[in-house]
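starting from these lines, generate the structure:
(one chain, ligands or ions: 1)
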Amino acid sequence: MTIKLAQTEPQKENQVEQNSLTTNTQVGVSKANLNGGEVALVGSGPGDAELLTIRALRFIQQADITIYDRLVSDEILALLPEGSEKLYVGKEQAKHCVPQDKINQLLVDQAKLGKRVLRLKGGDPFIFGRGGEEAEYLLENGVSCHICPGITAASGCTTYAGIPLTHRGVAQGCTFITGHIQNNGQLNLPWQSLSSASQTVVFYMGINTLPKITEQLISHGRAANTPAALIRRGTQPEQQVYRGTLENLEQLVIEHKITPPTLIVIGEVVNQLTEQTLSTPGFLQASEYQLGKEVLIKAEA
Ligand code: SAH
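Numbers count the residues shown, from 1 in each chain. Below is the predicted model:
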């Protein structure tokens, strides 16, 4: 994929290249100027490079050194400037590759060497991404930092799976919550409020605690047959989507040997548009939709 950003010249009509994202800076001057000695804390979205923001792409193109996590996709890493330094500091569940305090210090040290430092994170840096802690540490140590949101997994993965997070008359709200066990080894969550039928609940990092999650939601009153989905590596070429119900989700995990990074989505919206896995992630085919409805009508007749 080619992604180009025109710097000054406004795009002439009919000049848009196929397969390229082209923009210009007609509206003011770009604010995404990364200077030596600064850090850009950037969200790279859930994986598909086409979901990067233009601001994120501008920072990516200026990096002298990139310090990145496990959830940053190869497709996005391929956009980093040729010859620039790349440092992987990813973590896998409890196995921390580089501890968080070392990452914080690394960012400060690299910036103080006068480099343009890109801190690239999956999704949004401020949603279960420890971006707030990194920004705090940088500022405390006299390093300025640009911050750039990314599409968070809950939004990108569900949309690419054909699941609207809210839907009028079906889900009036949506909660993003972590299923990661707390330091005391417990998973203490506000189960009562998570069990209300009128909302969608999206669990990040919940695959290992799934039995506890489903058991608690059901025992706090969420119907066992509530539609639910598992989305693994959402928006990426290997995206997998499994639909089921609250009570058979764990079975799906075992059957399909589902591992992180996986998102858990619970709520009536899961089957709102389709009960199928989309043949092209992010593309709803009209004929398949009509077919689904006919099957439904026949079944009800
Ligand atoms: N800052 C990130 C979240 C990091 S927490 C964001 O805003 O998206 C890591 C968890 O996010 C994973 O365990 C998984 O539950 C979820 N996740 C991130 N990217 C994902 C993807 N492409 N597909 C499925 N789940 C993903």
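
residues contacting the closest residue in space to Gln240 that isn't next to it in sequence?
Among residues not flanking Gln240 along the chain, Arg232 sits closest, at 4.3 Å (Cβ to Cβ, 6 or more residues apart in numbering). Just so you know, the C-beta spots here come from the backbone N, C-alpha and C atoms, and that holds for glycine as well. Applying Cβ atoms under 8 Å, 6 or more residues apart in numbering to Arg232 gives the contacts 238-241, 258-259, 261-263.

mind running it again at 7 Å?
240, 258, 261-262 (Cβ atoms under 7 Å, 6 or more residues apart in numbering).

wait, which of these is closest to Leu80?
Pro261 (20.9 Å; Cβ to Cβ).

show me what contacts that closest one?
By Cβ under 7 Å, 6+ apart, Pro261 lies in contact with 71, 232-233.

can the helix or strand where Ile60 lies be said to contact the ligand?
In this structure, Ile60 sits in helix 54-62 according to DSSP states H and E. No - using Cβ under 6 Å from any ligand atom, helix 54-62 never reaches the ligand; the gap is at least 12.8 Å.

ok, now how distant is Leu252 from the ligand?
15 Å (Cβ to the nearest ligand atom, to the nearest Å).

let me see the ranges of the strands in the stretch 51-200 of the chain.
For the stretch 51-200 of the chain, the strands defined by DSSP state E, counting those that start in this stretch occupy 65-68, 85-88, 91-92, 95-96, 117-121, 145-148, 173-178, 199-204.

among these, which gets the worst mean confidence?
Lowest mean pLDDT within the strands of the stretch 51-200 of the chain: strand 95-96, a mean of 59.

re earlier: got JSON lines for the strands of the stretch 51-200 of the chain, with distance to the ligand too?
Output for the strands of the stretch 51-200 of the chain, formatted as JSON lines (distance: least, Cβ to the nearest ligand atom, whole Å):
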{"stretch": "strand 65-68", "distance to the ligand": "12"}
{"stretch": "strand 85-88", "distance to the ligand": "16"}
{"stretch": "strand 91-92", "distance to the ligand": "9"}
{"stretch": "strand 95-96", "distance to the ligand": "13"}
{"stretch": "strand 117-121", "distance to the ligand": "6"}
{"stretch": "strand 145-148", "distance to the ligand": "13"}
{"stretch": "strand 173-178", "distance to the ligand": "7"}
{"stretch": "strand 199-204", "distance to the ligand": "4"}
